[in-house]
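A.B. asks: Sharing a model prediction with you, sequence too.
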Amino acid sequence: MDLLESIRINLASPAILFFVLGIVAALVKSDLRFPEPLYLGLTIYLLVAIGFKGGVAVSAAGIGAVWLPALAAMALGALIPLWTYPILRWVGRLPAVDAAAVGAHYGSVSAVTFIAAVNFLTELRQPFEAYASAFLAVMESPAIIVGVMLGKLAQRRQGSPFNAVMRLALHEALLGRSVFLLVGSLLVGFVCGQRGMDATAGFFVTPFQGVLALFLLEMGMVAARRLGDLRKVGIFLVVFGVVMPMIHGVLAIMLGQVAGLSPGGAMLLGVLAASASYIAAPAAMRLSLPEANPTLYLTSALTITFPFNVTLGLPLYYEVARWWFEVAK
Amino acid sequence: MDLLESIRINLASPAILFFVLGIVAALVKSDLRFPEPLYLGLTIYLLVAIGFKGGVAVSAAGIGAVWLPALAAMALGALIPLWTYPILRWVGRLPAVDAAAVGAHYGSVSAVTFIAAVNFLTELRQPFEAYASAFLAVMESPAIIVGVMLGKLAQRRQGSPFNAVMRLALHEALLGRSVFLLVGSLLVGFVCGQRGMDATAGFFVTPFQGVLALFLLEMGMVAARRLGDLRKVGIFLVVFGVVMPMIHGVLAIMLGQVAGLSPGGAMLLGVLAASASYIAAPAAMRLSLPEANPTLYLTSALTITFPFNVTLGLPLYYEVARWWFEVAK
Amino acid sequence: MDLLESIRINLASPAILFFVLGIVAALVKSDLRFPEPLYLGLTIYLLVAIGFKGGVAVSAAGIGAVWLPALAAMALGALIPLWTYPILRWVGRLPAVDAAAVGAHYGSVSAVTFIAAVNFLTELRQPFEAYASAFLAVMESPAIIVGVMLGKLAQRRQGSPFNAVMRLALHEALLGRSVFLLVGSLLVGFVCGQRGMDATAGFFVTPFQGVLALFLLEMGMVAARRLGDLRKVGIFLVVFGVVMPMIHGVLAIMLGQVAGLSPGGAMLLGVLAASASYIAAPAAMRLSLPEANPTLYLTSALTITFPFNVTLGLPLYYEVARWWFEVAK
Amino acid sequence: MKSPAGGLKWQSEDTMNTHPMRLVTIVGEALARERLKRLLAEEGAQGYTLFAVEGAGAWGSRVADIEEFANIQVEVIVTAAVAERLLARLQRDFFPHFAMIAYETDVRVLRQEKF
Amino acid sequence: MKSPAGGLKWQSEDTMNTHPMRLVTIVGEALARERLKRLLAEEGAQGYTLFAVEGAGAWGSRVADIEEFANIQVEVIVTAAVAERLLARLQRDFFPHFAMIAYETDVRVLRQEKF
Amino acid sequence: MKSPAGGLKWQSEDTMNTHPMRLVTIVGEALARERLKRLLAEEGAQGYTLFAVEGAGAWGSRVADIEEFANIQVEVIVTAAVAERLLARLQRDFFPHFAMIAYETDVRVLRQEKF
Ligand SMILES: Nc1ncnc2c1ncn2[C@@H]1O[C@H](COP(=O)(O)O)[C@@H](O)[C@H]1O
Ligand SMILES: Nc1ncnc2c1ncn2[C@@H]1O[C@H](COP(=O)(O)O)[C@@H](O)[C@H]1O
Ligand SMILES: Nc1ncnc2c1ncn2[C@@H]1O[C@H](COP(=O)(O)O)[C@@H](O)[C@H]1O
Ligand code: NA
Ligand code: NA
Ligand code: NA
């Protein structure tokens, strides 16, 4: 199977097709709407289910097998803002605070992209480390914290005192809804183990892939509603939003291989590195770096990188992982 | 098995009993409420699930098997307003615009009635063409468009220009929430095929019948809240709301047999013809024929025809289909 | 297996761990929120599912097997306010109307506690009478009615006329959302029987335990938000909220054994007696005894008794039931 | 001469189409919903608008998650006479028992005859 | 001299930062949502705020469960001139066909230039 | 002499039970929710009411689907003095960073001592 075939399979999966349907709904101005409580319910379900399953997997594999790649994942997340900052600042000519904010988004992760990747591997019957959700859980916060620090340092003279802002950023990065649910459910799953999974699989596993498909319908609408902002962000960010994910993806796949993951697990680490946060990071930025322009980071994370990743990115990272594991063998 | 036995089985099914429970809830003024997001969530789920399953079935059967009965279904839907109009106008003495609006409702279809019919056949283990949902998808709009045209022609001298109104009507008829979800999910299912179904059956199939039961609880409340309006619509519309569905049902069953459907599939076509829209059509009428009186079309579609169809209509159309296929053999 | 082991198993179940996670969410002020429609959706699902399953079980066991223990359950519920009243009034020195209101809460029941107990028995593979949900359905109202009568008698000279208030209380006690859904679904399940269950098990059974876990996440937040009120209610109510449930639980287990239940069924009856209502009863009290102080009854039912029961109470009542059935053999 | 106070002209209670009327706003426990509706009907309000809200006040904070502990806001447009009766009855029958506030605002409506 | 009527001083339309403006409130069928938005844009409103509400009025009660039969409230802050045009067009184009009411209130805004 | 302007009599700021007070309304990003609550507490508001709303304004349209990009409206009844402090702080601390508007309305409350 080659790249084109992988792309074909991904594009013909229910999740991605419903994502496209959502984009169409927004473009033709259908009156379809997901009211906020419904959106929130789907989000909570997906985060809890993925966290819980990950926790059960960690308890099966043992902490010993997980801590090293998890640490590598965290380090990668924390470092990404450091090298995207100069690129955004000096190549892209973004204001300092915007460079910091955008970097934070690309160091952090998108849970939905990760879940779509898990879906993709499941459809292909490609094995992967089920505890990879633990990487998702630990990779969301570090880049946010680093990004806010960068942003505050860059505008030292201005605004609110550094410590107060960092407290806000830490609270948001560590206790924001998505991090809290992911980490919390991971711990719950870890304590329950397989016995807990047996009791709740009818809810956390059976309908999972279908719920994701429905959720991507909504995400398609959310992303497409911002298509108009593409013109505002300029060509540089559009290129950045496609190229950087590929670089980060490849880098993380190699790192994953070094850390001892299987091709499937390394691909998931690649997806995490490649993905950009569009929930936790924007919320943290609005509160901790309110001077940064949300149009820049939201449009690039949500309207460029997210659609790229779930459509073409997933098969791409998958083929890279397979190729790299061949090469590195 | 005869008609009475069919009725007994239908009335003792969870879906219909929960519908009755909903009616009771409204009558005794229980404080039970389904907030709008919950209602919307259930609707979206049911439409997406039925559309998706239908699409998978179309891809299995091939377009070749589907296009002829689908065309027949569309034609039937488009024609119904043409012959109900004179009846409503001159027998029922309704104003022209109301005659057009009511006719549009009876030519269009009720997805929930269709889903209840699928449920009914499933419980009876009666086989049917799974791609029948495609008929549902294509039958919703034509009658709405024909009805609005009739209404506008009937009041030529008045109001807003014909073209502007038809644009509105077309947008609502083709891109309104339910049509969009049904047609969109049908296409998604068609592209995914069985592989996509395998991945998502735990969500789109496993809980489906139970969700319908819960939804009918809500529909019972919605229908019963309008019981008071029965007095306002007059005896003619009450009779019309029971008799016309039976005529349309029988007609469509014969048509289905001619078009090569099985007894189960023909019964489903009968249910579609017999059912009256109470979501898409009212929305389109409010916007395109605002001069029409909503009490008339809502009460007849929602409070007379819908309850009649799901309780007595389903077993009736089923027995008619069985009898007709005996006769016509 | 002894008490400690039972406690360990219960505390390590997904439901209870998610409950603890909810408490943590509230304590660390995470921005996690369950909007009302989501809460309402989960409630409706849980009540309908447990009622429906109970009804199917009643139809399998026959009314003959159910009526006696159900009557015992009702009587117990109605009597509890009568003996808690003097304790609350003269030992706890509560105002008369508050003593009546708190008593009503402890005579009535908590559906979620009951569902958690069913979960617990299921995980332990301990058999129980599935029709025990019928006890849940009939035990919610009697104590509310008795409590309101007590409260109105105690403040005869004051306020609104006795009859008007009792009508309000009866309406709320018999037609309030939770009673209506439980009793209604029980009837639906009873009429459908196993055939109806087969059709809808994918919704009412498969995901049930997982939904409960998610719901307890929310309940943990709700209970913990009132932790600050613990100081306001005084040490007496804290002790009352832990000791009275144990007394009622033991009493009801013995009663259950006399009424011919199995150890599992008797334990469920014990859980019902031990539990305190925090939805139906508070609503009825606000409307029928508005002079009673909601901080007292809400805090004791929701923040003391509910957490105690679902964490330590369940294993305790289970071990008591096993011991008593040994002794009484 | 309607308005001697030139500075108040912008209030234009004399605009062609609009008519002065009172908007009574009530915020409080969702549990009082049915009773409030009954009160409005009794006092002669011709309609009302109801919002699900979150709130905090003297009786503590009312997060919008459990309906039984939730808040609603009811807005009702009435004549001055009805407004006064309404507020008086709220004061007497509702405030002692429910977490609730009420206030009135001057508004100008289209189609006075509706209210 | 702004306010000859001492008793009206508390209305302080002359506060340092705030500027008089009109708040137009429209309550009615959710189905009119897109048309209302178009109307607001046409008449020059710079923004709006929209609430999902439950309500009852002359056209019957609108429980907030089925969107197609639900209610919305739209609030929009505009200048007096825009308010008048808006109300006139509501009266003419919307009231004959939709269950709907509208009224205006005097408010004082920060940052007048936004509206 | 309270009201020299006869035509303004219907405003009845002198009704028996009601007392003039300010209603401050704030509409803006849901993300500012906790900060707004803190501000209200700091400036001495005794309560508040909060609505989940949809809206559009200078910072673009805020559909009510994703909480992080959603809108809230906060209404708070306060004395004139608190209203002024509140508006000043909103102007200074919130408007530069958040999509937000604020305005005040004159209202008449029951039970003045609560606010
Ligand atoms: N000062 C205030 N401003 C706005 N809303 C208030 C205020 N005080 C109370 N409320 C609302 O009225 C409800 C009942 O208030 P209370 O009776 O003080 O608990 C609260 O939950 C709030 O929604
Ligand atoms: N007197 C009133 N006070 C407040 N809201 C009202 C009033 N009358 C009508 N409404 C609102 O306006 C909507 C449409 O009113 P109507 O056209 O009278 O049915 C109703 O559903 C209510 O939400
Ligand atoms: N003219 C207006 N009338 C009513 N609400 C407005 C208006 N302008 C802005 N808003 C509300 O205030 C929010 C923030 O406005 P803005 O800062 O202009 O984006 C918007 O999302 C609207 O909900
Ligand atoms: Na990343
Ligand atoms: Na039809
Ligand atoms: Na009890």
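C.D. replies: Sure thing, it's come through. Ligands and ions are numbered 1, 2, ... in the order given.
A.B. asks: So for stretch A:59-78, what gets flagged as buried?
C.D. replies: A:59, A:65-66, A:69-70, A:72-74, A:76-78 (16 or more other CB atoms under 10 Å in any protein chain shown). Where C-beta positions appear, they are placed from N, C-alpha and C, glycine not excepted.
A.B. asks: In helices, which of the residues you listed appear?
C.D. replies: A:59, A:65-66, A:69-70, A:72-74, A:76-78 (DSSP state H).
A.B. asks: for the residues you listed, which one is nearest B:T113?
C.D. replies: Using CB to CB, A:S59 comes nearest to B:T113 of these, at 48.0 Å.
A.B. asks: What helices and strands are in contact with the helix or strand hosting A:G270?
C.D. replies: Assigned by DSSP states H and E, A:G270 falls within helix A:263-274. Where contact means 3 or more CB pairs under 8 Å, 6 or more residues apart in numbering or on different chains; DSSP states H and E, helix A:263-274 is packed against helix A:63-86, helix A:111-124, helix A:133-139, helix A:230-258, helix A:314-327.
A.B. asks: ok, then the element right after that helix?
C.D. replies: Remark: after helix A:263-274, the chain's next helix or strand is helix A:280-288, criterion DSSP H and E.
A.B. asks: Just the residues contacting the next helix or strand after that following helix, thanks.
C.D. replies: Using DSSP H and E, the helix or strand that follows helix A:280-288 in sequence is helix A:294-298. Applying CB atoms under 8 Å, 6 or more residues apart in numbering or on different chains, the contact partners of helix A:294-298 are A:94, A:98, A:101-102, A:104-105, A:226, A:229, A:232-233, A:237, A:278, A:281-282, A:285-286, F:69.
A.B. asks: what about A:I145, distance to C:V28?
C.D. replies: 17 Å (CB to CB, to the nearest Å).
A.B. asks: Comparing those two, which shows the higher neighbour count?
C.D. replies: A count of neighbours by other CB atoms under 10 Å in any protein chain shown puts A:I145 above the other of A:I145 and C:V28, at 23 against 12.
A.B. asks: Which of the contacts of helix A:294-298 are buried? Put it as a ChimeraX command.
C.D. replies: To isolate the buried members of the contacts of helix A:294-298 in ChimeraX, using 16+ other CB under 10 Å:
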select /A:94,98,101,102,104,105,226,229,233,237,278,281,282,285,286 /F:69
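A.B. asks: show me which of the contacts of helix A:294-298 neighbour chain B.
C.D. replies: When CB under 8 Å from any CB of the partner chain is applied, no member of the contacts of helix A:294-298 is adjacent to chain B.
A.B. asks: The residue nearest to A:P69 when sequence neighbours are not counted: how many residues sit nearby?
C.D. replies: Closest residue to A:P69 apart from its sequence neighbours, by CB to CB, 6 or more residues apart in numbering or on different chains: A:A259 at 4.1 Å. A count of neighbours around A:A259, defined by other CB under 10 Å, yields 17.
A.B. asks: before we move on, what about D:R35?
C.D. replies: 16.
A.B. asks: again, but for A:L174
C.D. replies: Look at A:L174: counted by other CB under 10 Å, it has 16 neighbours.
A.B. asks: Buried ones in the helix or strand that contains it, by neighbour count?
C.D. replies: Counting by DSSP H and E, the element that carries A:L174 is helix A:162-175. The neighbour-count check on helix A:162-175 (16+ other CB under 10 Å) flags A:165-166, A:168-175 as buried.
A.B. asks: The next helix or strand after that helix and chain C, are they touching?
C.D. replies: Sequence order places helix A:177-204 as the next helix or strand after helix A:162-175, per DSSP H and E. Yes: counting by CB under 8 Å from any CB, contacts between helix A:177-204 and chain C involve A:177, A:180-181, A:184-185, A:187-189, A:191-192, A:195-196, A:199-204.
A.B. asks: Please list only the buried members of those residues.
C.D. replies: A:177, A:180-181, A:184-185, A:187-189, A:191-192, A:196, A:199-204.
A.B. asks: Just put the buried residues of stretch A:59-78 in CSV and tack on distance to ligand 2 and pLDDT.
C.D. replies: Listed next are these as CSV, based on distance: CB to the nearest ligand atom, whole Å; pLDDT from 0 to 100:
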residue, distance to ligand 2, pLDDT
A:S59, 53, 96
A:A65, 60, 92
A:V66, 56, 94
A:P69, 57, 93
A:A70, 54, 95
A:A72, 58, 94
A:A73, 52, 95
A:M74, 52, 95
A:L76, 54, 96
A:G77, 49, 96
A:A78, 52, 96
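A.B. asks: nearest to chain D, of the residues you listed?
C.D. replies: A:S59 (31.3 Å; CB to the nearest CB).
A.B. asks: so what's the residue of chain D at minimum distance from ligand 1 scoring on pLDDT?
C.D. replies: Closest residue of chain D to ligand 1, CB to the nearest ligand atom: D:G55 (1.9 Å). Per-residue pLDDT puts D:G55 at 90.
A.B. asks: quick one, the one helix or strand it maps to and strand F:48-57 angle?
C.D. replies: D:G55 is part of strand D:48-57, with elements assigned from DSSP H and E. Here the directions of strand D:48-57 and strand F:48-57 differ by 120 degrees (axes from the mean of the first three to the mean of the last three CA atoms, to 10 degrees).
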